[in-house]
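Asker: following is a predicted model, sequence given first.
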Amino acid sequence: MFQLMFAIITPVWLWVLGRKNKVFYICAFIVLFALCIYFPVCHWAWHPEGFLFKMGVLDFAGGTVVHITAGCAALAGALVLKRRKSHMERQEAHPANVPCALIGTGLLWLGWFGFNAGSAWAHSLAVSALLQQIRAAATAGLFMDVFRCVKG
């Protein structure tokens, strides 16, 4: 059940980005995405006979599977769907609600602590995974500030 949650969350990321808003299409996409894309990549990473597993990939919290499948699906969707209508019509994009974005980011980051530790099942590498998560978040925050300063 823990890993099936990721099979549902991964395609939902594409929906959250605002490309489609029809519930039927979203549900159909989730089922097709899970069967045709997500589960085969899960086999690669988690099954002892999977080629990523054989290469020594250690996938904490499903991050490898989630990011490979969601990233490739987002790229394919962007190539197929082209630019958004609002961009083509040069409509002004309104900024996001900053307090809500910060709360959501904090909850997501905190949730990943549970995912990383939960998928390690009290393995000693869980501590290493949690430290890497903190380092990654700090590095991303630092480079976002540097990029903002350089961009002007």
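Answerer: Perfect, I can see it now.
Asker: measure stretch 42-53 end to end?
Answerer: Stretch 42-53 has an end-to-end distance of 10 Å (Cα to Cα, to the nearest Å).
Asker: and for Phe51, the neighbour number?
Answerer: The number of residues packed near Phe51 is 11, by other Cβ atoms under 10 Å. Glycine gets a C-beta too; all of them are placed from N, C-alpha and C.
Asker: my bad, should have said Ala129
Answerer: By other Cβ under 10 Å, 20 other residues sit near Ala129.
Asker: Glu49 versus that one, what's the distance?
Answerer: 24 Å (Cβ to Cβ, to the nearest Å).
Asker: and what of Phe113?
Answerer: Counting by Cβ to Cβ, the gap from Phe113 to Glu49 is 31 Å.
Asker: what's the answer for Leu79, then?
Answerer: Leu79 is 32 Å from Glu49, by Cβ to Cβ.
Asker: one more: Phe29?
Answerer: 28 Å.
Asker: contact partners for Glu49?
Answerer: His43 (Cβ atoms under 8 Å, 6 or more residues apart in numbering).
Asker: where does it sit: helix, strand or coil?
Answerer: coil (DSSP: H, G, I helix; E, B strand; the rest coil).
Asker: phi, psi of it?
Answerer: As for Glu49, its main-chain torsions (degrees, to the nearest 10) stand at phi -90, psi 0.
Asker: what strand or helix carries the closest residue in space to Thr64 that isn't next to it in sequence?
Answerer: Leaving aside its sequence neighbours, Thr64 sits nearest to Ala45 (Cβ to Cβ, 6 or more residues apart in numbering; 5.4 Å). In this structure, Ala45 sits in helix 39-46 according to DSSP states H and E.
Asker: show me what that helix is packed against.
Answerer: helix 2-16, helix 51-54, helix 63-81 (3 or more Cβ pairs under 8 Å, 6 or more residues apart in numbering; DSSP states H and E).
Asker: domain parsing of this protein, as residue ranges.
Answerer: 1-94, 98-152 (automatic domain parsing).
Asker: pick the most deeply packed of the ones you listed.
Answerer: domain 1-94 (a mean of 14; mean count of other Cβ atoms under 10 Å).
Asker: for the record, mean pLDDT for that domain?
Answerer: Averaged across domain 1-94, the pLDDT comes to 77.
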